[in-house]
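Trainee: Okay, predicted coordinates and the sequence, questions at the end:
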Amino acid sequence: MKAGIILIVLLGGLVLVALIIGGIVVGIYNKLVTMRNRYKNAYAQIDVQLKRRYDLIPNLVETAKGYLKHESGTLTAVTEARNIAYAAAKGAASNPGDASAMKSLAAAESGLSGTLSRLMMVSESYPDLKANQNMMQLTEELTSTENKISFARQAYNDSVMTYNTDREVFPSNLIAGMFNFTAAELFVVDKPEEKVAPKVSFS
């Protein structure tokens, strides 16, 4: 009788420990899922602004084309950089946080920003283009979009940093390893001058 009571107490204790451990595992797992969804949602905000930017660029090139007849190389470079960035953004959108996709996007966006800056510098030499109402509106919208991308990128990077930190600390790292919560990649522009949105104002 006494042995049976001891056995029941021991089993009860083991069940209680298992329930506590299970609760901790479920809690950590749910937290990691929540943070992963948070950085994916933050990337979705970047994606919206990038698409807006990619839609504006062909109109900008088309407007400039009539004035920059001797600068076709610059216009072609902008179009090609836009297409490369667009493809890279599609890859990143399908798997936000993936190291390869995010690095490709960062490189493509840096290239696009550089060609856009060159276009704006060239445009400064054409007063009629600077005064074109459509061009002025497009550059204003592009500047606004660039600023929104910067803010969205900061929010994404903050979410990624929180997620990565949490998945690396104990005991979260054990659960992250068990359930394949891989590290997410920051969206970083390497060169200091590229961390500032390209100047596209004609003021």
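Mentor: That came in fine, so what should we check first? Numbers count the residues shown, from 1 in each chain.
Trainee: When you work out contacts or count neighbours from here on, use the C-alpha atoms and nothing else.
Mentor: OK.
Trainee: Contact partners for Tyr39?
Mentor: By C-alpha atoms under 8 Å, 6 or more residues apart in numbering, the residues touching Tyr39 are Pro96, Gly97, Tyr156, Asn157, Ser159, Val160, Tyr163.
Trainee: Out of these, flag the one nearest to Ile21.
Mentor: Tyr163 (22.0 Å; C-alpha to C-alpha).
Trainee: Who are the contact partners of the closest residue to the closest one other than its chain neighbours?
Mentor: Spatial nearest neighbour of Tyr163, excluding adjacent residues (C-alpha to C-alpha, 6 or more residues apart in numbering): Met35 at 5.5 Å. Contacts for Met35 (C-alpha under 8 Å, 6+ apart) come out as Ser159, Thr162, Tyr163.
Trainee: Could you verify my assumption that the last one touches Asn37?
Mentor: No: the criterion here is C-alpha atoms under 8 Å, and Tyr163 misses it with Asn37 at 9.7 Å.
Trainee: excluding its backbone neighbours, what's nearest the most centrally placed residue in the chain?
Mentor: In the chain, the residue lying closest to the centroid (C-alpha atoms, centre = their mean) is Tyr43, at 4.4 Å. Among residues not flanking Tyr43 along the chain, Tyr156 sits closest, at 5.7 Å (C-alpha to C-alpha, 6+ apart).
Trainee: check which helix or strand covers that neighbour.
Mentor: helix 133-168 (DSSP states H and E).
Trainee: same for the host helix or strand of Gly111, what does it pack against?
Mentor: Gly111 is part of helix 99-123, with elements assigned from DSSP H and E. On a contact count with 3 or more C-alpha pairs under 8 Å, 6 or more residues apart in numbering; DSSP states H and E, helix 99-123 meets helix 72-94.
Trainee: Determine how far stretch 91-102 lies from the middle of the whole chain.
Mentor: 8 Å (C-alpha atoms, centre = their mean, to the nearest Å).
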